[in-house]
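>>> Quick one, what's the 3D model for this:
(chains A and B)
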Amino acid sequence: MEETKRLFEEFPPVSTEEWEAVIEKDLKGADYNKKLVWRTAEGFNVRPYYRAENLADIPWTGQQPNEFPYVRGNKAEGNEWLVRQDITVKNVHEANKVALNAISRGANSIGFKLEYDKPYDTIAISTLLNGIDQNAVEINFYNNKYHLPLLEMLSKIPGIKGSLNYDPLTRYLRRGVWYITEGADMELAYIVVKAEMPGFQTIGVNSHVFTNAGSTIVQEMAFALAVGAEYLDKLTEKGLTIDEIAPKMRFNVAVGQNYFMEMAKMRAYRLLWANIVKAYGGKEENAKMHIHATNAELGMSLYDAYVNMLRTTSGTMSAVLGGVDSFTVMPFDAPFELPTDFADRIARNQQLILKEEAHFDKVADPAAGSYYIENLTESLATAAWDLFNKIQDEGGYLEAVRKGMIQGLIKESAAKKFSNVATRRETILGTNQFPNFTESLKFTPEAWVMEAEDRRDEKAEVETIVTFRAAQQFEKLRYATDVYAQDHKRPVAWMFTYGNLAMRKARANFASNFFACAGIQVVDNPGFKTLDEGIAAARNEKPEIVVICSSDEEYGEGNALKIYEELKNETIVVLAGNPEGTADILKEAGLKYFIHVKSNVLDTLTEFQKQLGITK
Amino acid sequence: MKPNYKDININAIPKHSGLILPNGEPWETSEHIMVKPAYTEKDLEGMEHLNYAAGIAPFLRGPYSTMYVMRPWTIRQYAGFSTAEESNAFYRRNIAAGQKGLSVAFDLATHRGYDADHERVMGDVGKAGVSICSVEDMKVLFDQIPLNKMSVSMTMNGAVLPILAFYIVAALEQGAQYEELQGTIQNDILKEFMVRNTYIYPPEFSMRIIADLAEHAEVQQHLHLGLPHAGSRCHLRH
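Next up, the predicted model:
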């Protein structure tokens, strides 16, 4: 290389020791591990920074995109992905119109969500596809149980690209039953793989089921790969070759809010799947994992629903930067209604902006070489591979399902997710933190909106799993208040603020955000000069709940006790904080409610609703 | 014929295949930078900045040693309108909703150093920003907002002296300590002169004010004015 003038001569490289020394100083005695190391839900730690030396052990950094094992993606150059729009088919004419409209506005992949137990005939399918250019647009079908007749019709369309999503294995975990029997279902898998339709994938691995049931990322990956491996196992036993099967498989993956981790997930997925296919003796070309992704419903919310658009945008960015083949943005209102035209249009445009304005399509695997993302990729791959092997020790996916192992792990993670949301260790903006104070639901949501989705069949042979949204528990709570407020006065939580400005404001803010999560109206006050002034104002305004907000010192000396004694017979008195010593005195006097960062927000609010007569 | 997965070493990556990238057309950005359709390790060869750190000059990876891991960035929203009372109410609502810092927009009358009742600015009062004429207005603006905890950014250039003085006095009267104040004031008179025209003194004298303020922030070592002069590029693009 030609000797060039150095640009930054006056700044020599910084050693890790020098950097660590500055960090140590900035920590001012705080514990490095506690303050700076992130213990992820996936079971590995994330350092506060990564640098070049952290790439030394990453084995694929010398690779180019489109090289086995495809950590760096399936595309040699550029990052084109298919912009897919999913359409719920109620009427084939209507659905066709929606599809044509979407295509003319930038979508180049369509997903038709068919009715589950309706047989479609040739006329219906040709109506659905009328005017769609099969060469330019990918067509995907899902949710319909008549796979074989569908396949027969579709196989007659020359050049059709897309997918069918036949996935009896994941379905078995949700419903606990086979379509017919295990043997018959696998026989059909054999048939759909055999279909002579290059560019059309017929076996789906619906990894999103695990995600939306509450799995960690590591679990979701291990489970989905185990499903994939089970198909390979069963179908090679039937005499198909790996090179026949692997290209027919598509993974339908959900992407959540954990931005960098989700990006790394897509890369780690491809690494592991490529290794599995190769172990079966498949060609490297066939070891490419085909990933379609969409946003996880798990993190979406009913209240402050426009925020879902921000969530889905960040999720889409993760997936696209991680190199997925196609993506569907979940319309922001999908968690609570059949998406409106507006929601569909914005969802499509979210992707088009990333492509046309933000240029996400220009460079292959743009995350490559990032010290952080390469390390996350490696950590996820290692952890997921480890769990995948544990499943193999149990005899593979199906055996692990029969033994309840997979369900057990999912239930454990789901319960943890629930409690993290209830205690605000995990934030759902607008739901368990920073709710919109003035929002109340203007429509009556259908029953499914706030319930977990349980597809368990009455003849289920195995334990099944349900999918849910983590916000549902809070939404039920808040909706109960909204319903109550339709024919009652909406209950008020009234901030009794006095003393130290910074503390009383901080606590009033905390308490306001706490009660507003249950739809309780919040009244903040500018700070009373004397306790008597505040007590008189409370008596005058008659709020249902009075929250005492001040500093720990000013809670003492009988101040908080006085407020409690004066108001306890007229209202529910709550203290914001948990002042050492003073709290015991107050508890002894009968004050029951203290709200602070350690409170279980959900349980506490549920209790208040009972006290207020909103729920029993 | 299930393989024994335990035999797989996922870290055994085959040597680079020697496959030559198609070398497609680069993308020329509006900055006239040629962006290749794919990059590899080789593209990093000879780069001098790869082993720079955060918190150490030249601060390539940020000014603080662990950046947001130790302290998240300040979430601000630029706002100010109408009267001090109305802006105050708006700020308080935003703080309750999770905002961690304030960014104050002043009206043109304030920018040019006029009282709100001056005939020359009649049409501008309370438009595109809040009207502040005195320390009393400033106290109303920050009423119930603890200035010892809140980072405040003020977009102020022409009338920078009285506005900064009002702010400091309002904070001290709240009981805040001088050394607890944090924030920035734009103090960018060149932009004001060149683009927006809301300057009061000619550039040379204004530059003197900028220097004096910087010195003041320096002398009052604890006055964390962040950047007592925050060059403001955004207006230059208008």
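>>> Wait, residue A:48 touches residue A:24, no?
No - with contact defined as CB atoms under 8 Å, residue A:48 does not count as touching residue A:24 (11.9 Å). Glycine gets a C-beta too; all of them are placed from N, C-alpha and C.
>>> Which one's more surrounded, the two?
residue A:48 (17 against 13; other CB atoms under 10 Å in any protein chain shown).
>>> show me the contacts for the more buried one.
Listed by CB atoms under 8 Å, 6 or more residues apart in numbering or on different chains, the contact set of residue A:48 reads A:23, A:36-37, B:66, B:69-70.
>>> and if we set it to 10 Å?
A:23, A:32, A:35-38, B:54, B:65-70 (CB atoms under 10 Å, 6 or more residues apart in numbering or on different chains).
>>> between the residues you listed, which is nearest residue B:137?
residue B:68 (34.6 Å; CB to CB).
>>> isn't there a strand covering the closest one?
No - looking at residue B:68 with DSSP: H, G, I helix; E, B strand; the rest coil, it is helix, so not inside a strand.
>>> tell me the contacts of it?
For residue B:68, the contact set (CB under 10 Å, 6+ apart) comprises A:48, B:62.
>>> And it, how close does it get to residue A:48?
10 Å (CB to CB, to the nearest Å).
>>> Kindly report the same for residue A:530.
Counting by CB to CB, the gap from residue A:530 to residue A:48 is 47 Å.
>>> Which residues are in contact with residue A:67?
A:60, A:73, A:76, A:274, A:284, B:13-14, B:16-19, B:40.
>>> Reformat those as CSV; add pLDDT and neighbour count.
CSV is the format used below for these (pLDDT from 0 to 100; neighbours: other CB atoms under 10 Å in any protein chain shown):
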residue, pLDDT, neighbour count
A:60, 93, 23
A:73, 96, 26
A:76, 91, 19
A:274, 97, 24
A:284, 94, 15
B:13, 86, 18
B:14, 80, 13
B:16, 70, 13
B:17, 67, 12
B:18, 71, 7
B:19, 70, 12
B:40, 92, 20
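>>> Which of these lies at the shortest distance from residue A:313?
Using CB to CB, residue A:73 comes nearest to residue A:313 of those, at 21.2 Å.
>>> In this structure the closest one contacts residue B:38, no?
Yes - assessed by CB atoms under 10 Å, residue A:73 is found in contact with residue B:38 at 9.2 Å.
>>> okay, and the common contacts of the two?
A:64-66, A:79, A:364-366, A:368.
>>> Just the buried ones out of these, please.
For those, a burial check counting by 16 or more other CB atoms under 10 Å in any protein chain shown picks out A:64-66, A:79, A:364-366, A:368.
>>> which of the contacts of residue A:48 lies closest to residue A:224?
residue A:38 (24.6 Å).
>>> Next, work out how far apart that closest one and chain B are.
Relative to chain B, residue A:38 is positioned 8 Å away (CB to the nearest CB, to the nearest Å).
>>> try residue A:571
Noted for residue A:571: a distance of 22 Å to chain B, by CB to the nearest CB.
>>> and that residue, what pLDDT?
What the model reports for residue A:571 is a pLDDT of 96.
>>> again, but for residue A:130
For residue A:130, the predicted pLDDT is 96.
>>> Around it, how many other residues sit close by?
13.
>>> In contact with it: list those residues for me.
Contact analysis of residue A:130 by CB under 10 Å, 6+ apart lists A:92-93, A:96-97, A:99-100.
>>> For residue A:284, see how far away residue B:96 is.
Distance from residue B:96 to residue A:284, by CB to CB: 57 Å.
>>> doesn't residue B:53 make contact with residue B:62?
Yes - the criterion here is CB under 10 Å, and residue B:62 meets it with residue B:53 at 9.0 Å.
>>> out of those two, which sits in the busier spot?
Between residue B:62 and residue B:53, counted using other CB under 10 Å, the more crowded position is residue B:53 (23 against 13).
>>> Quick check: which ranges of chain B have low pLDDT?
B:17, B:218-238 (pLDDT under 70).
>>> and if you look at chain A?
Using pLDDT under 70, chain A drops low at A:1-4.
>>> Need the residue closest to the centroid of it.
With distances taken as CA atoms, centre = their mean, residue A:256 lies nearest the centre of chain A, 3.1 Å away.
>>> returning to what we had before: and for residue A:48 and residue A:24, which residues touch both?
The contact sets of residue A:48 and residue A:24 overlap at A:32, B:65 (CB under 10 Å, 6+ apart).
>>> For the residue of the stretch 451-600 of chain A found nearest chain B, pull up the helix or strand it's in.
Going by CB to the nearest CB, chain B is nearest to residue A:502 of the stretch 451-600 of chain A, at 3.8 Å. Here residue A:502, judged by DSSP states H and E, is contained in helix A:501-516.
>>> Likewise for residue A:573?
strand A:572-576.
>>> counting contacts, what elements does that strand pack onto?
The elements that strand A:572-576 packs onto, with contact taken as 3 or more CB pairs under 10 Å, 6 or more residues apart in numbering or on different chains; DSSP states H and E, are strand A:492-497, helix A:501-516, strand A:545-549, helix A:559-567, helix A:582-589, strand A:593-595, helix A:601-611.
>>> is the helix or strand hosting residue A:183 up against chain B anywhere?
Per DSSP H and E, residue A:183 falls inside helix A:182-194. No - against chain B, helix A:182-194 shows no contacts by CB under 10 Å from any CB of the partner chain, the least distance being 14.7 Å.
>>> With stretch A:325-345 instead?
No - counting by CB under 10 Å from any CB, chain B has no neighbours in stretch A:325-345; the shortest distance is 16.7 Å.
>>> In that stretch, which of the residues would be classed as buried?
The neighbour-count check on stretch A:325-345 (16+ other CB under 10 Å) flags A:325-336, A:339, A:343-345 as buried.
>>> Over to stretch B:113-120?
Buried, per 16+ other CB under 10 Å, within stretch B:113-120: B:113-114, B:116.
>>> Which parts of the stretch 101-250 of chain A are helices?
Counting by DSSP state H, counting those that start in this stretch, the stretch 101-250 of chain A has these helices, from start to end: A:122-129, A:147-154, A:168-175, A:182-194, A:208-212, A:217-237, A:242-245.
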